[in-house]
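A.B. asks: fold the stuff below for me.
(one chain, ligands or ions: 1)
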Amino acid sequence: MKAVKLLLSLLLAVSSLLAFDLTRSEAAAKTFKDISSTHRAYKEISYLSEGEIVSGDSKGYFQPSRTVTRAEAAAMIGRSLNLDGTKRQTSFNDVSSNIFASGYIQSAYEKKIISGYKDGSFKPYDQVTRGEMAVMLSKAFNYSYGGTLSGAANALKSRGIAQGMTDGTFGADKSIIRADFAIFLARAIDYTLRVGNPGITFSGEMYVNVDSLNIRTGPSTKYGVKGSVKYKEKVAIGYKVGTWTVVKSAAGTIGFVLDSYLSKTVSSGDDHSQSPLASKTIVIDPGHGGTDAGAIGYGLKEKDVVLDTGKRVRDLLAKTPLNVKMTRDTDTFVTLAGRVSFAKSVNADSFVSIHANAGGGTGSETYYYGLARANPYTTESKLLAEKIQKRLVDAMSTKDRGEKHGDLHVLRENTMPAVLVELAFIDTKADNDKLASPSYRQAAAKAIALGVLDYYGARGYDVSNLYSLIK
Ligand SMILES: [Zn+2]
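C.D. replies: Numbering: from 1, shown residues only. Have a look, this model is predicted:
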């Protein structure tokens, strides 16, 4: 009896010791059926999985022994650096837009991290060698390596990222398997995973330019928070991973923050110019207008409801770093083509059209263009639609008709993430009452603005400080 008790308390003690360390990585790694906690690459694969930098196959296997293709390498590096992975046309004659990694291949090519062959090909399905991997990582993480395979190998070895083979060589011409690629990539990102605990050097200091800035365990908001720093606080600058920088706070916390929240000088109170969203323009598009009243119900005109709601969205989003433009802010008629060309002319990063429904139904719905034939931003458009739709039905207590594909001019012909919101049915009494109410229109506008923030948050921007501005 006593022995059992002792054993139990020992087990409890051990498990509580381990609990802190395991919770995070277990959550991430348990999805891979072929990576147990004793696998030699468990820590590194778990780390990358947490940031959604690597993923398994559809059956939940990581396939650690499979060789890495050039397309996969581009995707993993691209996700690490938060490059734009939107599938699109590329500069290579053998990488079409529907290859899963086309966006990352093109982004990595534009950043000169990868290159193709003289015949204009990329050979996406060729295996990556250890030497090529070393060069890719050296370029991705800005290591000076002298442009040679051995220089790249040394750049990794000197940082504790890679070691030589047992025969003393680097094995530059040997193909690399997924487990090893994950190990090297994870170590390049997170210095705490490196061999021999080489540490990192900090050079120079910068100031935090937002109210509160989370320090994370990895280079995206998918990673956990290990501390935070406040406005005007100084941090020491370590190395960069894409648009994120490893910093050390005065309290000694070391981790990742988004570069644009750091400034060389202290910025003034509500200066949003340093925010990464400050370079983004969102176009708000109230439907119809002028001679085109849109749908009419119980004396209420769609053009008036959506203009008022659109202006409220503008006023709310204007409090954030986003630039907000409207296709119309008066009762004038704008053609569908005119709305699209306006959005393109202001280089819009996202587009939200606002309408009211008719036809005797009830509820709210949000459309996006879901085919790859025209507007290529299918995934982003769907994401934006989901985020706005969710906020809208919550705020208006309308029936959730969902987000759905719609082959609509302003969605199809645009070249940025675009959605069309149908607030509610103007010709159904209960819905019409809400559309006629200024307080409901304000609630709808707030919902759209919050949905926009949710969307940018989901795309990796730290919007946590902006929600309090939408009120
Ligand atoms: Zn309409």
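
A.B. asks: hey, what's the residue of the chain found nearest the ion bridged with?
C.D. replies: With CB to the ion, the shortest gap between the chain and the ion falls at His355, namely 3.4 Å. (Glycine included, C-beta is placed from N, CA and C.) Note on His355: beta-bridge partners by DSSP bridges are Glu422.

A.B. asks: OK, contacts around it?
C.D. replies: For His355, the contact set (CB atoms under 8 Å, 6 or more residues apart in numbering) comprises Gly287, His288, Gly294, Glu302, Val306, Leu420, Val421, Glu422, Leu423.

A.B. asks: which one of those is nearest Phe202?
C.D. replies: Sorting these by how near they are to Phe202, with CB to CB, puts Val421 at the top with 46.7 Å.

A.B. asks: so what's the closest one up against?
C.D. replies: Val421 is in contact with Val352, Ser353, Ile354, His355, Ser364, Thr366, Tyr367, Ile388, Gln389, Leu392, Ile448, counting by CB under 8 Å, 6+ apart.

A.B. asks: Arg339 - that's part of a strand, no?
C.D. replies: No. Assessed with DSSP: H, G, I helix; E, B strand; the rest coil, Arg339 is helix; it does not lie in a strand.

A.B. asks: for the residue lying closest to it once chain neighbours are set aside, give me the pLDDT.
C.D. replies: Excluding the flanking residues, the one nearest Arg339 by CB to CB, 6 or more residues apart in numbering is Thr327, at 4.5 Å. Thr327 is assigned 97 on the pLDDT scale.

A.B. asks: I figured Thr327 hits Phe342, correct?
C.D. replies: Yes. With contact defined as CB atoms under 8 Å, Thr327 and Phe342 form a contacting pair (5.3 Å).

A.B. asks: intersection of neighbour lists for those two?
C.D. replies: Val283, Val334.

A.B. asks: neighbour count winner among those two?
C.D. replies: Set side by side, Thr327 and Phe342 show more neighbours around Thr327, with 25 against 18, by other CB atoms under 10 Å.

A.B. asks: re the thing from before, can you lay out the contacts of Val421 as CSV showing pLDDT?
C.D. replies: CSV is the format used below for the contacts of Val421 (pLDDT from 0 to 100):
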residue, pLDDT
Val352, 98
Ser353, 98
Ile354, 98
His355, 98
Ser364, 98
Thr366, 98
Tyr367, 98
Ile388, 98
Gln389, 98
Leu392, 97
Ile448, 98
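
A.B. asks: looking at the residues you listed, which are in strands?
C.D. replies: If you go by DSSP state E, the contacts of Val421 have Val352, Ser353, Ile354, His355, Ser364, Thr366, Tyr367 in strands.

A.B. asks: isn't Asn357 up against Ile426?
C.D. replies: Yes. Counting by CB under 8 Å, Asn357 touches Ile426, with 6.9 Å between them.

A.B. asks: now do the shared contacts for these two.
C.D. replies: Residues touching both Asn357 and Ile426 (CB under 8 Å, 6+ apart) are Ala295.

A.B. asks: make sure Val247 is indeed in a strand.
C.D. replies: Yes. Counting by three-state DSSP, Val247 falls inside a strand.

A.B. asks: find the nearest non-adjacent residue to it, please.
C.D. replies: Nearest non-adjacent residue to Val247, counting by CB to CB, 6+ apart: Val235, 4.0 Å away.

A.B. asks: related to what we said a few turns ago, now, which of the ones in strands among the contacts of Val421 sits nearest Ser96?
C.D. replies: Of all those, the one with the least separation from Ser96 (CB to CB) is Tyr367, at 27.1 Å.

A.B. asks: residues in contact with the closest one?
C.D. replies: With contacts defined as CB under 8 Å, 6+ apart, Tyr367 is in contact with Ala385, Glu403, Lys404, His405, Gly406, Leu408, Leu411, Val419, Leu420, Val421, Glu422.

A.B. asks: ok, those vs Thr166, which is closest?
C.D. replies: Lowest distance from Thr166 to the contacts of Tyr367 (CB to CB) belongs to Ala385, with 53.4 Å.

A.B. asks: grab the nearest non-local neighbour of that closest one.
C.D. replies: Closest residue in space to Ala385, ignoring its immediate chain neighbours: Glu403 at 3.8 Å, by CB to CB, 6+ apart.

A.B. asks: in what helix or strand does that neighbour lie?
C.D. replies: Per DSSP states H and E: Glu403 is located in strand 400-405.

A.B. asks: around Tyr125, how many other residues sit close by?
C.D. replies: Using other CB under 10 Å, Tyr125 is surrounded by 11 other residues.

A.B. asks: for it, give me its contacts.
C.D. replies: So Tyr125 contacts Thr69, Arg70, Ala71 (CB under 8 Å, 6+ apart).

A.B. asks: now with 6 Å, please.
C.D. replies: When contacts are counted by CB atoms under 6 Å, 6 or more residues apart in numbering, Tyr125 touches Thr69.

A.B. asks: if we can go back for a sec, okay, the strand holding Glu403 in PDB with CA atoms only?
C.D. replies: What follows is strand 400-405, C-alpha atoms only, in PDB (Å, rounded to 0.1, in the frame of the first residue of the first chain):
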ATOM      1  CA  ASP A 400     -27.000  33.300 -40.200                       C
ATOM      2  CA  ARG A 401     -27.300  32.600 -43.900                       C
ATOM      3  CA  GLY A 402     -23.500  32.000 -44.000                       C
ATOM      4  CA  GLU A 403     -20.700  33.100 -46.300                       C
ATOM      5  CA  LYS A 404     -21.000  31.900 -49.800                       C
ATOM      6  CA  HIS A 405     -19.500  32.000 -53.300                       C
END
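
A.B. asks: what does the helix or strand following that strand rub up against?
C.D. replies: As assigned by DSSP H and E, the chain's next helix or strand after strand 400-405 is helix 409-412. The contact list for helix 409-412 (CB under 6 Å, 6+ apart) reads Leu336, Arg339, Val340, Ser353, Tyr369, Ala374, Asn375, Ala418, Leu420.

A.B. asks: just to be sure, the last one is in a helix?
C.D. replies: Right, the one you point to is Leu420. No. The assignment for Leu420, made by three-state DSSP, is strand rather than a helix.

A.B. asks: Thr362 versus that one, what's the distance?
C.D. replies: To Thr362, Leu420 is 18 Å away according to CB to CB, to the nearest Å.

A.B. asks: which one of these two is surrounded by more residues?
C.D. replies: Leu420 (23 against 14).

A.B. asks: in this structure that one contacts Ser353, no?
C.D. replies: Yes. Between Leu420 and Ser353 there is a contact at 4.2 Å, judged by CB atoms under 6 Å.

A.B. asks: contacts for stretch 173-193?
C.D. replies: Contact partners of stretch 173-193, identified using CB under 6 Å, 6+ apart, comprise 41, 44-45, 47-48, 54, 64-68, 76, 80, 127-130, 133, 137, 141, 161-162, 194, 200, 241.

A.B. asks: redo that, cut-off 7 Å
C.D. replies: Contact partners of stretch 173-193, identified using CB atoms under 7 Å, 6 or more residues apart in numbering, comprise 41, 43-45, 47-48, 54, 62-68, 73, 76, 80, 127-131, 133, 137, 141, 156, 160-162, 194, 200, 218-219, 241.

A.B. asks: right, I'll call it a day here.
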